[in-house]
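Engineer: coords please:
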Amino acid sequence: MKTAVSSTKSSPFSLAFTDFKEITKARLAISVVFSSIAGYLLAPVQPDAISLLLLAFGGYCMVGASNAYNQVIEKDLDALMNRTKNRPIPSGRMSVQKAMAIAITMTLFGLVSLYYLNPKTAMFGAISIFLYTSVYTPLKTKTPLAVFVGAFPGAIPFMLGWVAATNDFGIEPGTLFMIQFFWQFPHFWALGWMLDEDYKKGGFKMLPTGKKDKGTALQIIMYTIWMIVISVVPAFGVTGQLSLSVPAAILVFLMGMIMLIFAFRLYEKRDNVSARKLMLASVSYITLMQIVFVIDKFLR
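Structural biologist: Next comes the predicted model:
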C-alpha cells in the first residue's frame, strides 16, 4: 500500500505538474487572479461569466509567464539561496529551454485572452510582464529601488479587472492601483526582512536602507499609513463610480490599523517574528479589503 502511494506521488505527471506550479508560482498567480476578479466585480457593469473566465485565465498566464522568465534569469542566483535552490531549474528538474517554452506560451495565451476582453487590458498585461522581467528583476541585485519599480506591475491586477470590465482607465482603476501599490511596500519589506540573510546570498538588495534597522521599519510604517488613507478615500465621493459606504470604510480602516500595529511592533522589536506577523497581516488585509469592497458594492 505504501509503495503504491509513493509511486503515485512520484509519477512523471505528478512531478511535472508540481514543477509547473513552482515555475509559475501558482499560489501567487491565484492571488493575482483574485485581485483582478475583485476589480472586475467593482466595475459598474453586469458581470459576465465568459469575461471573468478570460480574465482569470489571462491573468494567471501573465503572472505565470513573468515568474517563469524571472526564474530563467535568476537561475544561478536561485541556486545560492536556501529558499530557492530546489526550484525546478536550479535543481535540474527542468531545463531552461522548457521553462522558456512555458513562459512564451503563457505570454501568448495570456495576451490573446486579455486582448479578447479589450486592447487596454492586454496592454496593461504586457506592461506588467515587461516591467517585472526587464526592469524589476535585473535591478534586484543593484538597488533597493527595485522594490519601488516592482510595485508597479504588482499593483496592476486590482485595476486590471476594472479596465477589463469597462475598457476605460480613469480615477476608479487609478485608485485601485494606488491601494495595491502602497500595500506592496510593507508586504515585501516584511518578507525581505524575514529572508534578508538568504537574499544576501543571492546578492539581492531588498530592504530600503539595506539593513534590518529602524529606518526600514519607519518606512514600512509610513507606507502602511498611506495605504490606509488611499483605501478609505472612495468613501468621500471623490473617486468617480468607485465608492465605499461609511460602515465599509470604517471596517477597512480598522483592518488597516491592525496592520499598522504590527508595523509598529516591528519598529519596536526589529526581529523576524514581528516581520512574519506583519507579512501575514498584510496578506490578510489585501484579501479582506477587496472582499469588503466587493460585498459593499453589491449590498448598496
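Engineer: packing partners for the longest helix seen in the chain?
Structural biologist: When the chain is parsed with DSSP state H, its longest helix is helix 272-299. When contacts are defined as 3 or more Cβ pairs under 8 Å, 6 or more residues apart in numbering; DSSP states H and E, helix 272-299 sits against helix 26-42, helix 171-194, helix 246-269. Yep, even glycine has a C-beta here, placed from its N, CA and C like the rest.
Engineer: export the ones you listed to CSV and tack on mean neighbour count and mean pLDDT?
Structural biologist: Below are the helices and strands packed on helix 272-299 laid out as CSV (neighbours: other Cβ atoms under 10 Å; pLDDT from 0 to 100):
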stretch, mean neighbour count, mean pLDDT
helix 26-42, 21, 95
helix 171-194, 23, 96
helix 246-269, 17, 97
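Engineer: on that earlier part again, the longest helix of the chain - what's its average pLDDT?
Structural biologist: For helix 272-299, mean pLDDT is 96.
Engineer: just want the angle from it to helix 246-269.
Structural biologist: Using axes from the mean of the first three to the mean of the last three Cα atoms, to 10 degrees, one finds that helix 272-299 and helix 246-269 are set 170 degrees apart in direction.
Engineer: relative orientation of helix 272-299 and helix 26-42 in degrees?
Structural biologist: If you take the same axes, to 10 degrees, helix 272-299 sits at 30 degrees to helix 26-42.
Engineer: same list (the helices and strands packed on helix 272-299) but as CSV, adding distance to residue 138.
Structural biologist: Output for those, formatted as CSV (distance: least, Cβ to Cβ, whole Å):
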stretch, distance to residue 138
helix 26-42, 20
helix 171-194, 17
helix 246-269, 29
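Engineer: ok, back up a step: quick one: the longest helix of the chain to helix 171-194, angle?
Structural biologist: Note on geometry: by the same axes, to 10 degrees, helix 272-299 and helix 171-194 are set 160 degrees apart in direction.
Engineer: now helix 272-299, how far from the chain's geometric center?
Structural biologist: The chain centre lies 13 Å from the centre of helix 272-299; the measure is Cα atoms, centre = their mean, to the nearest Å.
Engineer: list the buried residues of that helix.
Structural biologist: By 16 or more other Cβ atoms under 10 Å, the buried positions in helix 272-299 come out as 272, 274-279, 281-282, 285-286, 289-290, 292-294, 296-297.
Engineer: hmm, back to that, how about the helices and strands packed on helix 272-299, which one is nearest residue 49?
Structural biologist: helix 26-42 (11.4 Å; Cβ to Cβ).
Engineer: who touches the closest one?
Structural biologist: For helix 26-42, contacts defined as Cβ atoms under 8 Å, 6 or more residues apart in numbering pick out 20, 47, 51-52, 55-56, 59-60, 63-64, 67, 157-165, 172-173, 176, 180, 242, 286-287, 290-291, 293-294, 297-298.
Engineer: quick one, helices of the stretch 101-250 of the chain?
Structural biologist: Secondary structure of the stretch 101-250 of the chain (DSSP state H, counting those that start in this stretch): helices at 119-130, 137-139, 146-166, 171-194, 196-201, 214-232, 246-269.
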